[in-house]
Every structure is written in structure tokens, then in C-alpha cells.
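>>> give me the fold of what follows.
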Amino acid sequence: MRTIDWADGAIELIDQTLLPGELVIRRVTTLGELIDDIQRLAVRGAPALGVAGALGVALLAHEGDPPEAVRRHAARLRAARPTAVNLAWGVDRALARLGDGPAAVLAEALAIRDQDISACVAMGARGADLIRGMLDAHDDDDGLGYVDGFGHADDPGEAGASGRGRPARVMTVCNTGGLAAVERGTALGVVQTLHERGQLELAYALETRPLLQGARLTAWELERMGAPYRLLVDSAGAFLLSQGIADVVLIGADRIAANGDTANKVGSYALALAARAAHVPFLVVAPESTIDPSTRSGKDIEIEDRGADEVVRFAGVRVAPEGAQAVNPAFDVTPAKLITAIVTERRVIRCHRGEWPI
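Sure, this is the predicted structure:
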């Protein structure tokens, strides 16, 4: 099942706002519908947004408007969500084929779709191999031993061989599975690969307030794949890491700056701080397209604020007093110094060893 695709002259996508209660495939035929679906999070996740951006340009190109009008409308699509770089990347890549005609634009968009599928398979394998190596390593020369991703364990006895051969316990936040891509996903794709290999003991998914992408979407995907998992309230993650509940933290990314700083769902930074304190490796899993060399550092990443309504209401019911205001950043930025490694479809970037600019 694909999160987003092209079918008979239109975009088809899973409406993620209705999960887990209903699985509904929406047929999108206009740019206005697509922008609305992106902004209300019917389609979300950096890789999926890249595909959506490219398919949106294909939709425009097939309407027969002159190139100037297509570019003008595409600018609206490009700006629909400012933090995730993949949306703009997908739009720009499809626009580059505009002069070759609508068929060429669609071919480019479908190539982006297919490349995302293969990239997710590669990231899953590379990330699973890395985690397996960390668990099996008694004292990893790369500083990627499973006890301490930031160097060696303070007490060598902590990094004992008890990890060798046993399945992994993984903690993650938000949703980074097939729903965030076309198929399989990024960080959750690694979890899926571990599960398929018989190397997953348990996945811990944070509920991810305020829209519960972890509880609604990640749990739905883990259930479908038959993987063992437990849901955690967001505020329990740091404490449970300190209690040794997980061997590794896995997150996705919406934009990775040239210096390795990573924007992801809000709550990721707190997990990174907790992982460092607990000597737990913190891995970012994202395609190469999420790395933005034009963004020098996390300070240059625009963070989307989604307004108060998502915070003061829950499932349409007000849970805060009338007049209550809220700050609602959709993302935060984890500094590269807190990231053990970034896993892409092509490489492992060991941030803790200063392997940047990327």
C-alpha cells in the first residue's frame, strides 16, 4: 500500500487525519485540494511531501496553463509548509522539466516516487545493520557502541557482551513509517527491517502531542506489520531512557542543515538530551534529499508554528479555558553534537566524530 501515488490523471493519497479509525484514499485533482491536504496534515512526512510537491507540479502541468502560470502556482505549493525541505525540493525538481512538456514533468515526479521507495529500503537495511553492529560490539572503535554513542561508556562493564545476539529495543517519536514516505519509511523503516530479520525485541513509540502521530499513525503501522510495541506518553520518554528501557533512539528528519543540525517533530531535542545523559545512541534516519546544504545550521531553519487550536482543543473538544493562548512549534532542532549518526540511503554520517559539513 502506498501513502501517495499518481493514478489516472490525479493524485491519490491516504487521508492520515482519519487514521486509525478509517482508511480513506483521497483523489486530488486540483492544486487547492493538495495544498489544503498538506496543511491539514492529510499527507505529511518529509519524503511524502517531496513526492507530493513533484506530483503537484505534474498536476499543474497537465492542466495546460502556460509555464509562467505553472511556476506561479507552484510557488504556493512550495511554501505550503516551510520547515520540511523535501516539499520545496520536489517542486523544484519537477519544475526543472517543465520546458520538456507535461509528460516529462510527470516522469520526473514518478522517478522521485520510485527513488523514495528504493531509498527507504536502503535506509532500513543500513540502519538495521548499524544497530545490530552496536549491539554486538563490546567496545566499538568508532564510538558507536550501543551503551554510549558519544564516546566510550564511563564504566566499561556497562558495555558488556549482554547485547551480543539479542534483539534490539528501540524508542521513536512521531511517525516515520510508510505513512511519512511512499512505502516503509525512514526511522520506522529501520524498525520494520529489524522486525523482518527477527532482531526487534520491542519498539517504544511516543504518543507525540498535540496531534498524536505516534499513537494514531505509528502504532497503526506497527500493528499492521505485527511488530511488538508499547505506547509511551511523551513526558515518560526521558525517564524511561534513564532506566535503560531502550538500546537506541531513532528519529526521522524534516531538514538537516549543512552542519548536521536536524529539524524534526517537536520533542526530538528533549529525547536527544535524555539519550546523551543515558548513554544511548541517538540516530537520525533520512534520505539524502532531506540534507539542505544551503542551510548552514539549525539557527537558519524556519520553524512552523501551527497555532493554538491544536493545543487548546483535543479531538474537537476544548480542554483549556476560553481565551487560552498557546505556543505550538511543530518542530524543534537537535544540534549535531547530540546526534550519534545520520543514516541515509547512501552512507552513515558519524556526527559525534565531527563528520561535517555534510
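
>>> show me where pLDDT drops low in this structure?
Using pLDDT under 70 as the threshold, the predicted model of the chain has low-confidence ranges 138-163, 356-358.

>>> where along it do the helices fall?
For the chain, applying DSSP state H gives helices covering 31-39, 46-61, 67-78, 85-95, 102-136, 187-196, 213, 219-225, 237-242, 268-277, 309-312.

>>> could I get those as TSV with distance to residue 348 and mean neighbour count?
(Each C-beta comes from the backbone N, C-alpha and C, glycine too.) Formatted as TSV, these follow (distance: least, Cβ to Cβ, whole Å; neighbours: other Cβ atoms under 10 Å):
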stretch	distance to residue 348	mean neighbour count
helix 31-39	31	18
helix 46-61	18	29
helix 67-78	30	16
helix 85-95	20	24
helix 102-136	6	20
helix 187-196	12	26
helix 213	26	26
helix 219-225	24	18
helix 237-242	22	18
helix 268-277	17	21
helix 309-312	35	16
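
>>> now render those as a markdown table, adding distance to residue 336.
Below are the helices of the chain laid out as a markdown table (distance: least, Cβ to Cβ, whole Å):
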| stretch | distance to residue 336 |
| --- | --- |
| helix 31-39 | 28 |
| helix 46-61 | 18 |
| helix 67-78 | 27 |
| helix 85-95 | 16 |
| helix 102-136 | 17 |
| helix 187-196 | 17 |
| helix 213 | 24 |
| helix 219-225 | 28 |
| helix 237-242 | 20 |
| helix 268-277 | 10 |
| helix 309-312 | 29 |
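
>>> nearest to residue 323, of the ones you listed?
In terms of Cβ to Cβ, the element of the helices of the chain nearest to residue 323 is helix 309-312, at 9.3 Å.

>>> by contact count, what packs against the closest one?
With contacts defined as 3 or more Cβ pairs under 8 Å, 6 or more residues apart in numbering; DSSP states H and E, helix 309-312 has no packing partner among the helices and strands.

>>> who touches it?
Applying Cβ atoms under 8 Å, 6 or more residues apart in numbering, the contact partners of helix 309-312 are 210, 211, 318, 319, 320, 324, 326, 328.

>>> one more time with 10 Å, if that's ok
Identification of contacts with helix 309-312 by Cβ atoms under 10 Å, 6 or more residues apart in numbering yields 41, 209-211, 316, 318-328, 330.

>>> on that earlier part again, quick check: which of the helices of the chain is nearest to residue 165?
From the helices of the chain, taking Cβ to Cβ, the stretch that ends up closest is helix 102-136, at 7.1 Å.

>>> before I go, just wanted to say thanks for your time.
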